[in-house]
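[1] only the shape, not the letters, is given here:
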(Lines give C-alpha, C1' and ligand atoms only; values in the text may rest on other atoms or scores of the structure.)
Protein backbone atom coordinates (compact mmCIF):
# COMPACT_ATOMS: atom_id res chain seq x y z
CA UNK A 1 0.00 0.00 0.00
CA UNK A 2 2.82 2.41 0.85
CA UNK A 3 4.46 1.79 -2.51
CA UNK A 4 1.16 2.48 -4.26
CA UNK A 5 0.75 5.77 -2.39
CA UNK A 6 4.29 6.81 -3.25
CA UNK A 7 3.51 6.30 -6.93
CA UNK A 8 0.36 8.37 -6.56
CA UNK A 9 2.36 11.40 -5.42
CA UNK A 10 2.45 12.28 -9.13
CA UNK A 11 -1.01 12.19 -10.67
CA UNK A 12 -3.36 13.97 -13.03
CA UNK A 13 -6.18 16.23 -11.92
CA UNK A 14 -8.99 17.57 -14.11
CA UNK A 15 -10.68 20.97 -13.95
CA UNK A 16 -14.34 20.62 -12.96
CA UNK A 17 -15.01 24.28 -12.08
CA UNK A 18 -13.39 27.64 -12.75
CA UNK A 19 -14.57 30.61 -10.67
CA UNK A 20 -13.48 34.24 -11.01
CA UNK A 21 -12.99 35.54 -7.45
CA UNK A 22 -11.66 39.01 -8.33
CA UNK A 23 -9.67 40.74 -11.10
CA UNK A 24 -6.50 38.92 -10.05
CA UNK A 25 -7.75 35.67 -8.49
CA UNK A 26 -9.35 32.66 -10.17
CA UNK A 27 -10.33 29.54 -8.26
CA UNK A 28 -9.89 26.17 -9.96
CA UNK A 29 -11.68 23.13 -8.60
CA UNK A 30 -9.91 19.92 -9.57
CA UNK A 31 -10.95 16.27 -9.44
CA UNK A 32 -8.65 13.28 -9.51
CA UNK A 33 -8.40 9.79 -8.04
CA UNK A 34 -5.11 10.61 -6.33
CA UNK A 35 -6.71 13.45 -4.36
CA UNK A 36 -8.31 10.90 -2.03
CA UNK A 37 -4.86 10.19 -0.55
CA UNK A 38 -3.75 13.79 -0.15
CA UNK A 39 -3.34 15.51 3.19
CA UNK A 40 -2.63 18.99 4.48
CA UNK A 41 -0.46 19.71 7.48
CA UNK A 42 -1.27 23.43 7.62
CA UNK A 43 -3.32 26.15 5.86
CA UNK A 44 -0.29 27.09 3.74
CA UNK A 45 0.19 23.55 2.43
CA UNK A 46 1.74 23.64 -1.03
CA UNK A 47 1.80 21.29 -3.99
CA UNK A 48 3.65 21.33 -7.30
CA UNK A 49 1.91 21.73 -10.65
CA UNK A 50 3.52 20.74 -13.95
CA UNK A 51 2.26 23.14 -16.60
CA UNK A 52 0.89 21.55 -19.82
CA UNK A 53 2.49 22.28 -23.17
CA UNK A 54 1.19 24.75 -25.75
CA UNK A 55 -1.23 22.11 -27.04
CA UNK A 56 -2.67 21.55 -23.58
CA UNK A 57 -1.10 18.11 -23.10
CA UNK A 58 -0.32 17.33 -19.46
CA UNK A 59 3.25 16.14 -18.76
CA UNK A 60 3.92 12.55 -17.72
CA UNK A 61 6.29 12.90 -14.80
CA UNK A 62 6.86 9.70 -12.80
CA UNK A 63 9.38 10.87 -10.21
CA UNK A 64 11.40 13.88 -9.15
CA UNK A 65 14.51 12.14 -10.42
CA UNK A 66 12.97 11.65 -13.84
CA UNK A 67 11.90 15.31 -13.95
CA UNK A 68 15.41 16.51 -13.11
CA UNK A 69 16.94 14.18 -15.71
CA UNK A 70 15.02 15.82 -18.58
CA UNK A 71 16.81 18.32 -20.78
CA UNK A 72 15.90 21.90 -19.94
CA UNK A 73 14.07 22.28 -23.26
CA UNK A 74 11.94 19.21 -22.53
CA UNK A 75 11.28 19.91 -18.88
CA UNK A 76 7.76 21.26 -18.30
CA UNK A 77 7.53 24.37 -16.11
CA UNK A 78 6.85 23.47 -12.47
CA UNK A 79 5.15 25.96 -10.16
CA UNK A 80 4.16 25.88 -6.50
CA UNK A 81 0.58 26.52 -5.38
CA UNK A 82 -1.36 26.48 -2.13
CA UNK A 83 -4.06 23.92 -1.41
CA UNK A 84 -6.95 26.25 -0.70
CA UNK A 85 -9.52 23.57 0.18
CA UNK A 86 -9.13 19.80 0.21
CA UNK A 87 -12.10 17.40 -0.01
CA UNK A 88 -10.44 13.98 -0.28
CA UNK A 89 -13.71 12.11 0.24
CA UNK A 90 -14.95 13.69 -3.02
CA UNK A 91 -11.54 13.47 -4.73
CA UNK A 92 -11.70 17.28 -5.03
CA UNK A 93 -9.48 20.24 -4.22
CA UNK A 94 -9.46 24.00 -4.80
CA UNK A 95 -6.45 26.04 -5.86
CA UNK A 96 -6.57 29.83 -6.24
CA UNK A 97 -4.44 31.17 -9.10
CA UNK A 98 -3.10 34.72 -9.37
CA UNK A 99 -3.76 35.92 -12.91
CA UNK A 100 -1.16 38.41 -14.12
CA UNK A 101 -1.23 38.23 -17.90
CA UNK A 102 0.23 35.64 -20.25
CA UNK A 103 3.92 36.43 -19.78
CA UNK A 104 4.41 33.46 -17.45
CA UNK A 105 3.57 29.80 -18.18
CA UNK A 106 1.29 29.25 -15.18
CA UNK A 107 -0.77 32.41 -15.58
CA UNK A 108 -0.97 31.89 -19.36
CA UNK A 109 -2.26 28.36 -18.84
CA UNK A 110 -4.77 29.49 -16.22
CA UNK A 111 -6.21 32.17 -18.51
CA UNK A 112 -6.91 29.67 -21.29
CA UNK A 113 -7.73 26.60 -19.19
CA UNK A 114 -11.28 25.30 -19.41
CA UNK A 115 -13.47 22.69 -17.79
CA UNK A 116 -12.15 19.22 -18.57
CA UNK A 117 -8.52 20.27 -19.05
CA UNK A 118 -5.94 18.13 -17.25
CA UNK A 119 -2.80 19.13 -15.37
CA UNK A 120 -0.30 16.99 -13.46
CA UNK A 121 0.61 17.58 -9.85
CA UNK A 122 2.87 16.32 -7.10
CA UNK A 123 1.30 16.23 -3.65
CA UNK A 124 1.85 15.01 -0.11
CA UNK A 125 -0.03 11.80 0.60
CA UNK A 126 -0.94 9.71 3.64
CA UNK A 127 1.78 7.34 4.85
CA UNK A 128 4.41 9.08 2.75
CA UNK A 129 4.97 12.03 5.08
CA UNK A 130 4.43 11.34 8.77
CA UNK A 131 5.80 14.73 9.87
CA UNK A 132 4.66 18.16 8.66
CA UNK A 133 6.02 18.83 5.18
CA UNK A 134 5.23 21.30 2.44
CA UNK A 135 4.32 24.11 4.83
CA UNK A 136 5.90 26.68 7.14
CA UNK A 137 2.90 27.63 9.31
CA UNK A 138 3.78 25.77 12.51
CA UNK A 139 3.12 28.14 15.44
CA UNK A 140 3.66 26.94 19.02
CA UNK A 141 0.45 25.99 20.81
CA UNK A 142 0.83 28.77 23.38
CA UNK A 143 0.90 31.54 20.75
CA UNK A 144 -1.63 34.28 21.45
CA UNK A 145 -0.55 37.02 19.03
CA UNK A 146 0.23 36.77 15.32
CA UNK A 147 1.58 38.83 12.45
CA UNK A 148 0.83 37.97 8.81
CA UNK A 149 2.53 39.68 5.87
CA UNK A 150 1.74 38.51 2.32
CA UNK A 151 1.56 39.69 -1.27
CA UNK A 152 -0.97 38.35 -3.76
CA UNK A 153 0.91 35.11 -4.40
CA UNK A 154 0.58 34.25 -0.70
CA UNK A 155 -2.98 35.57 -0.22
CA UNK A 156 -4.60 32.09 -0.55
CA UNK A 157 -2.35 30.77 2.22
CA UNK A 158 -2.83 33.89 4.35
CA UNK A 159 -6.62 33.68 4.14
CA UNK A 160 -6.45 29.98 4.98
CA UNK A 161 -4.42 30.89 8.06
CA UNK A 162 -6.96 33.54 9.06
CA UNK A 163 -9.72 30.96 8.72
CA UNK A 164 -7.79 28.60 10.99
CA UNK A 165 -7.12 31.34 13.55
CA UNK A 166 -10.80 32.29 13.58
CA UNK A 167 -11.57 28.82 14.94
CA UNK A 168 -9.40 29.21 18.05
CA UNK A 169 -11.39 28.84 21.26
CA UNK A 170 -9.81 32.04 22.56
CA UNK A 171 -9.70 34.67 19.83
CA UNK A 172 -6.06 35.52 19.09
CA UNK A 173 -4.76 39.01 18.43
CA UNK A 174 -3.76 39.18 14.77
CA UNK A 175 -2.26 41.92 12.63
CA UNK A 176 -2.29 41.20 8.90
CA UNK A 177 -0.89 43.16 5.97
CA UNK A 178 -2.04 41.83 2.60
CA UNK A 179 -0.84 43.47 -0.62
CA UNK A 180 -2.92 43.12 -3.80
CA UNK A 181 -2.87 44.73 -7.27
CA UNK A 182 -6.45 46.08 -7.28
CA UNK A 183 -8.98 47.23 -4.70
CA UNK A 184 -11.41 44.56 -5.87
CA UNK A 185 -8.83 41.88 -4.98
CA UNK A 186 -9.68 42.30 -1.31
CA UNK A 187 -11.18 38.85 -0.85
CA UNK A 188 -13.55 37.81 1.90
CA UNK A 189 -11.93 36.75 5.17
CA UNK A 190 -13.16 35.95 8.67
CA UNK A 191 -13.35 38.96 10.98
CA UNK A 192 -13.21 39.23 14.76
CA UNK A 193 -12.53 42.11 17.16
CA UNK A 194 -8.90 41.15 17.75
CA UNK A 195 -8.09 41.07 14.03
CA UNK A 196 -6.47 44.14 12.46
CA UNK A 197 -6.70 43.47 8.73
CA UNK A 198 -4.87 45.87 6.41
CA UNK A 199 -5.36 45.53 2.66
CA UNK A 200 -2.60 47.37 0.80
CA UNK A 201 -3.66 48.14 -2.78
CA UNK A 202 -0.73 48.59 -5.12
CA UNK A 203 -2.53 50.17 -8.10
CA UNK A 204 -3.60 53.17 -6.04
CA UNK A 205 -0.05 54.55 -6.31
CA UNK A 206 3.21 54.02 -8.11
CA UNK A 207 4.51 51.44 -5.64
CA UNK A 208 6.73 48.57 -6.71
CA UNK A 209 5.92 44.98 -5.82
CA UNK A 210 5.95 44.46 -2.04
CA UNK A 211 7.06 48.03 -1.30
CA UNK A 212 3.84 48.62 0.63
CA UNK A 213 4.61 45.54 2.73
CA UNK A 214 8.17 46.70 3.36
CA UNK A 215 6.93 50.13 4.44
CA UNK A 216 4.35 48.57 6.78
CA UNK A 217 6.93 46.22 8.31
CA UNK A 218 9.34 49.05 8.98
CA UNK A 219 6.65 50.92 10.97
CA UNK A 220 5.68 47.90 13.07
CA UNK A 221 5.91 47.85 16.83
CA UNK A 222 6.37 44.26 17.94
CA UNK A 223 5.04 42.97 21.29
CA UNK A 224 7.50 42.39 24.12
CA UNK A 225 6.26 38.93 25.07
CA UNK A 226 7.21 35.44 23.89
CA UNK A 227 3.77 34.23 22.77
CA UNK A 228 4.15 35.90 19.37
CA UNK A 229 4.51 34.34 15.93
CA UNK A 230 5.04 35.96 12.53
CA UNK A 231 4.40 34.46 9.09
CA UNK A 232 5.64 36.35 6.01
CA UNK A 233 5.52 35.24 2.37
CA UNK A 234 5.80 36.86 -1.04
CA UNK A 235 8.48 38.06 -3.45
CA UNK A 236 11.81 36.58 -2.36
CA UNK A 237 13.94 39.72 -2.14
CA UNK A 238 11.23 41.68 -0.33
CA UNK A 239 10.60 38.87 2.15
CA UNK A 240 14.33 38.68 2.86
CA UNK A 241 14.36 42.43 3.51
CA UNK A 242 11.39 42.19 5.88
CA UNK A 243 12.83 39.13 7.62
CA UNK A 244 16.15 40.83 8.31
CA UNK A 245 14.38 43.96 9.49
CA UNK A 246 12.25 42.02 11.96
CA UNK A 247 15.11 39.92 13.32
CA UNK A 248 18.02 42.39 13.17
CA UNK A 249 16.31 45.73 13.72
CA UNK A 250 13.24 44.71 15.71
CA UNK A 251 15.02 41.90 17.62
CA UNK A 252 12.38 39.30 16.82
CA UNK A 253 13.41 35.81 17.92
CA UNK A 254 14.13 33.82 14.76
CA UNK A 255 12.22 30.87 16.23
CA UNK A 256 9.11 33.05 16.21
CA UNK A 257 9.30 33.78 12.48
CA UNK A 258 8.23 31.65 9.51
CA UNK A 259 9.11 33.03 6.08
CA UNK A 260 8.95 31.88 2.48
CA UNK A 261 9.89 33.43 -0.85
CA UNK A 262 7.07 32.47 -3.24
CA UNK A 263 8.49 34.06 -6.40
CA UNK A 264 11.33 36.21 -7.74
CA UNK A 265 10.88 39.55 -9.47
CA UNK A 266 11.90 39.25 -13.11
CA UNK A 267 11.27 35.50 -13.27
CA UNK A 268 8.28 34.41 -15.36
CA UNK A 269 5.53 32.87 -13.27
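    Cool, the structure landed. Since we're looking at a predicted model, the values are computed, not measured.

[2] okay, now residue 244: neighbour count?
    For residue 244, the count of nearby residues is 11 (other Cβ atoms under 10 Å). In short, each C-beta sits where N, CA and C put it, glycine included.

[3] the one 4 residues further on now?
    Neighbourhood size, residue 248 [other Cβ under 10 Å]: 9.

[4] just residue 265 next, same as before
    11.

[5] and the nearest residue to it once chain neighbours are set aside, what does it touch?
    When the adjacent residues along the chain are set aside, residue 265 lies closest to residue 235, with 5.5 Å between them (Cβ to Cβ, 6 or more residues apart in numbering). Neighbour list for residue 235: 151, 153, 209-210, 261-265 [criterion: Cβ atoms under 8 Å, 6 or more residues apart in numbering].

[6] turn the buried ones among those residues into a named PyMOL selection, would you?
    In PyMOL, this line selects whichever of the contacts of residue 235 come out buried by 16 or more other Cβ atoms under 10 Å:
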select buried, resi 151+153+209+210+261+262+263
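
[7] narrow the contacts of residue 235 to those in strands?
    With strands defined by DSSP state E, the entries of the contacts of residue 235 inside them are 261-263.

[8] just name the closest of the residues you listed to residue 91, please.
    Proximity to residue 91 was ranked across these by Cβ to Cβ; first place goes to residue 262, at 27.0 Å.

[9] contacts only, for the closest one.
    Residue 262 is in contact with 80, 151, 153-154, 233-236, 239, counting by Cβ under 8 Å, 6+ apart.

[10] and of the ones in strands among the contacts of residue 235, the nearest to residue 87?
    residue 262 (24.3 Å).

[11] would you map the strands across this protein?
    Listed in chain order, the strands found in the chain under DSSP E are 10-20, 25-31, 46-50, 78-82, 85-87, 92-98, 118-122, 145-150, 173-180, 195-201, 228-235, 257-263.

[12] gap between the nearest residue to residue 240 once chain neighbours are set aside and residue 157?
    What sits nearest to residue 240 in space, not counting adjacent residues and going by Cβ to Cβ, 6+ apart, is residue 261, at 7.1 Å. Using Cβ to Cβ, to the nearest Å, one gets 13 Å for the distance from residue 261 to residue 157.

[13] residue 107 too?
    In this structure, residue 107 lies at 18 Å from residue 157, with Cβ to Cβ as the measure.

[14] the more surrounded of those two?
    Counted by other Cβ under 10 Å, residue 107 and residue 157 do not tie: residue 157 has more neighbours, with 28 against 21.

[15] so for that one, what's the pLDDT?
    Confidence per residue is given as pLDDT, and for residue 157 that number is 98.

[16] pretty sure residue 10 contacts residue 119?
    No: here residue 10 lies out of contact with residue 119, judged by Cβ atoms under 8 Å, at a distance of 11.8 Å.
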